[in-house]
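Q: whatever this is, show me its structure:
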Amino acid sequence: MSITALNTALVDYCLDAAEGILVDCRSRDGDIKKSDAAISAVSITATSTSLHGCGAPIISLLGRQAVSVLRILSSPPTATTPSPSSAALTARRLDDLIELAHARFYAHVPSQVPVCWRQLYTDASILKFALAYSETGSPALDGVIDSLVQPLDMALILAGGAGPPSRGGPWIHAALELLHSILDSKMDTRRTDDYRNPAKRPRLMSSLSCGFSSSGPMFNDEGTAASHFAPPVRHPVLRSGPLGLEGFQAYLDRARHDNSQKGPQPLVMTGLIDNWPARRADSRPWGSPDYLRWRTLGGQRLVPVEVGRSYVDAGWRQEIVKFESVLQALQAGSHAPQTTNSTMYLAQHSLFTQIPKLRDDICIPDACYSVTNDADTDADDDTEGQEPMLNAWLGPAGTITPLHTDPHHNLLAQVVGRKYVRLYSPEQSAGLRPRGREGGVEMGNTSAVDVGVMEGWDTGSEEAGGDGHTSTTDRERFLALAYRDCILEPGDTLYIPRGWWHYVRGLSVSFSVSFWWD
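A: From the prediction side, this is the model:
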């Protein structure tokens, strides 16, 4: 498809979204008049909408911005378009709506934010993207791409892309794919033009190319200081080859009927994910910074990261950064270790919901569809039949996830790099000193024990994640507890039974995927 056709398709897509927003607003607010010729074709059929909880004044304000965006998008090139000041006013009003919606998030537990405020955030962000796209002559220019990507990624990260099927997350994913195609086409055209006319022109995004080079540098290449200290493995987790659904189910069933075991035990399966495109150098390798950069719009996509040694340490914080910042930190960390207070970790993020094309690079293991309930326990009707929950973990050597438990069965697939994992059974919980409620947050699933400090791998400090009351007796008792441990190599997959405590330590640049299921 030509660049012109792609541009037209994206403008039409923006028009459809703005019209849908206007229809939703009009169905709730009779004050929005249909007098503008640019929107005379918009249907006024009343529709059900999730916006009604925002109140009529806010819905009316959103509707007026939709009218303004429609007017700008619908103006033919020769027509008199709204003044720059009018577009700037619309942009400010959209920012006001986004800020207002975001402020309402803080009045609720994250999982219970009313859909009306999440949809308001998403709708205003879509209009902001449409307005920004209408004003840019070339979305490939440095700086311009930020104004296009930022509102859509923030809507996905903060609001979950809430909205009806015609908008929300599906609309955002499709719009970003169109934008990706446009940028790829412009870069391809620019390279061709350079041979014909090398004259200077506005600088295009240098980090986006059409495709990527499989011969480029890879994470953890030989010769880099890719690995930090690797703890010794003293009590190895049982290992097997790859198990399909039948084989893994048999493993669980044997544990269920073995009176000497209290439920299933951890298991490392080797080679289970070797057929993933993400694992293959000749396909779509996650070990390639160039591939990840290309897949994330030249590294311009935004992602949430943790900054600091561990989420229980003082000074630990969360930020939203460009994916390029993550890649640069990873590549820098391959040659020189990062300081613990600056370690950047993309941890437990639903990256594959945000960037579906990365989801295409992996497969859900059959083991996630096994029956895990004990014979004497009824299945949870609320979770039975649900798809596994997927999260991404991307970080440098030295990342630490403190000793904790999860409320689900877990497969941790190691795609790139190496990790050390230590596991304790639920029977050891008392000796692991679970935390209580801290700062209004329930932390009972996290241990007050800093494994690295207890073992002498790390130096304790005021910023360490322990509770500050470790004695010689505490250390002796902790070191006497039974545990299993392993080092996950690329291609390994670790089964962590529900309720088992686990501590995870990155030994190199590492990209992992966790699959939670019940």
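
Q: tell me the centre residue of this structure?
A: The centroid of the chain falls nearest to residue 351 when counting by CA atoms, centre = their mean (2.7 Å).

Q: report pLDDT for residue 17.
A: Turning to residue 17, the model gives it a pLDDT of 98.

Q: quick one: contacts of whichever strand or helix holds residue 246?
A: Counting by DSSP states H and E, the element that carries residue 246 is helix 245-256. Surrounding helix 245-256, the residues in contact under the criterion CB atoms under 8 Å, 6 or more residues apart in numbering are 240, 243, 261, 263-265, 267, 366-367, 369-372, 374-375, 495. C-beta: built from backbone N, CA, C; applies to glycine.

Q: PyMOL command for the buried members of the residues you listed?
A: Here is the PyMOL selection string for the buried members of those, based on 16 or more other CB atoms under 10 Å:
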select buried, resi 243+263+264+265+267+366+367+370+372+495
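
Q: so for the contacts of helix 245-256, which is the shakiest by pLDDT?
A: For these, the least confidently modelled position is residue 375, at 44, judged by pLDDT.

Q: measure the residue nearest to the centre of the chain to residue 237 for me?
A: Taking CB to CB, to the nearest Å as the criterion, residue 351 is separated from residue 237 by 26 Å.

Q: one more: residue 324?
A: 36 Å.

Q: the more surrounded of those two?
A: Higher neighbour count among residue 324 and residue 237: residue 237, with 21 against 18, using other CB atoms under 10 Å.

Q: quick one: secondary structure of the residue nearest to the more buried one when sequence neighbours are not counted?
A: In space, not counting the residues next to it along the chain, residue 237 is nearest to residue 486; the distance is 4.2 Å by CB to CB, 6 or more residues apart in numbering. Residue 486 carries the three-state label strand when classified by DSSP: H, G, I helix; E, B strand; the rest coil.

Q: thought residue 486 was touching residue 493?
A: No: using CB atoms under 8 Å as the test, residue 486 is too far from residue 493 to be in contact (11.1 Å).

Q: ok, now which ones touch residue 50?
A: Counting by CB under 8 Å, 6+ apart, residue 50 touches 115, 116, 119, 162, 163, 164.

Q: of all the residues you listed, which two lie farthest apart?
A: Looking at those by CB to CB, the two members farthest from one another are 116 and 164, with 12.5 Å of separation.

Q: low-confidence bits of this protein, can you list those?
A: When the per-residue scores of the chain are filtered using pLDDT under 70, the ranges that remain are 28-49, 76-83, 137-142, 188-215, 222-227, 333-341, 374-385, 461-470.

Q: which residues in the stretch 401-518 of the chain form helices?
A: Along the stretch 401-518 of the chain, the stretches classed as helices by DSSP state H, counting those that start in this stretch are 451-455, 472-479.

Q: most tightly surrounded among these?
A: Mean neighbours per residue, mean count of other CB atoms under 10 Å, is largest over these for helix 451-455, with a mean of 19.

Q: burial count for residue 418?
A: 22.

Q: and for residue 52?
A: Around residue 52 sit 14 other residues, with neighbours defined as other CB under 10 Å.

Q: surely it forms part of a helix?
A: Yes: assignment of residue 52 by three-state DSSP places it within a helix.

Q: first-to-last residue distance for stretch 459-474?
A: This stretch, stretch 459-474, spans 17 Å end to end (CA to CA, to the nearest Å).

Q: is it true that residue 478 touches residue 454?
A: Yes: at 5.3 Å, residue 478 counts as touching residue 454 under the criterion of CB under 8 Å.

Q: which residues do these two both contact?
A: Taking CB under 8 Å, 6+ apart as the contact definition, residue 478 and residue 454 share no neighbouring residue.

Q: who are the packing partners of the strand or helix carrying residue 95?
A: Per DSSP H and E, residue 95 falls inside helix 84-105. Applying 3 or more CB pairs under 8 Å, 6 or more residues apart in numbering; DSSP states H and E, we find helix 84-105 packed against helix 56-74, helix 115-135, helix 144-159.

Q: that one versus helix 115-135: what angle between them?
A: 160 degrees (axes from the mean of the first three to the mean of the last three CA atoms, to 10 degrees).

Q: and helix 84-105, how far from the chain's centre?
A: 25 Å (CA atoms, centre = their mean, to the nearest Å).

Q: pull out the buried positions in it.
A: Within helix 84-105, the residues that count as buried by 16+ other CB under 10 Å are 87, 90, 91, 93, 94, 97, 98, 100, 101, 102, 104, 105.

Q: so the protein: which segments form each domain?
A: Taking automatic domain parsing as the domain assignment, the record places the domains of the chain at 3-196, 239-374+383-435+446-459+466-517.

Q: quick one: closest of those domains to residue 219.
A: Residue 219 lies closest to domain 239-374+383-435+446-459+466-517 among the domains of the chain, at 4.1 Å (CB to CB).

Q: compute the first-to-last residue distance for that closest one.
A: For domain 239-374+383-435+446-459+466-517, by CA to CA, the gap between its terminal residues amounts to 21 Å.

Q: could you do stretch 413-424 as well?
A: Distance between the boundary residues of stretch 413-424 (CA to CA) amounts to 19 Å.

Q: 349 is where my numbering starts, stick with that
A: With the count now opening at 349, the last piece we talked about shows up as stretch 761-772.

Q: which of residue 464 and residue 512 has more residues huddled nearby?
A: Under the neighbour definition other CB under 10 Å, residue 464 and residue 512 were set side by side, and residue 464 has more, 20 against 17.

Q: where's that one relative to residue 753, distance?
A: Per CB to CB, residue 464 is found 35 Å from residue 753.

Q: the closest residue to residue 530 other than its chain neighbours: what's it in contact with?
A: On the basis of CB to CB, 6+ apart, the spatially nearest residue to residue 530 that is not a chain neighbour turns out to be residue 354, at 4.8 Å. Residues touching residue 354, when contacts are defined by CB under 8 Å, 6+ apart, comprise 526, 529, 530, 533.

Q: confirm residue 354 sits in a helix?
A: Yes: read with three-state DSSP, residue 354 is one of the residues of a helix.

Q: count of neighbours near the residue nearest to residue 692 when sequence neighbours are not counted?
A: The shortest distance from residue 692 to any residue other than its chain neighbours is 4.5 Å, reached at residue 677 (CB to CB, 6+ apart). A total of 22 residues lie near residue 677 under the criterion other CB under 10 Å.

Q: counting by contacts, list what the host helix or strand of residue 677 packs against.
A: Taking DSSP H and E as the definition, one finds residue 677 inside helix 671-681. Using 3+ CB pairs under 8 Å, 6+ apart as the contact criterion, the elements in contact with helix 671-681 are helix 637-643, strand 650-655, strand 692-697, strand 737-743.

Q: again, only this time at 7 Å
A: The contact analysis (3 or more CB pairs under 7 Å, 6 or more residues apart in numbering; DSSP states H and E) places helix 671-681 against helix 637-643, strand 650-655, strand 692-697.
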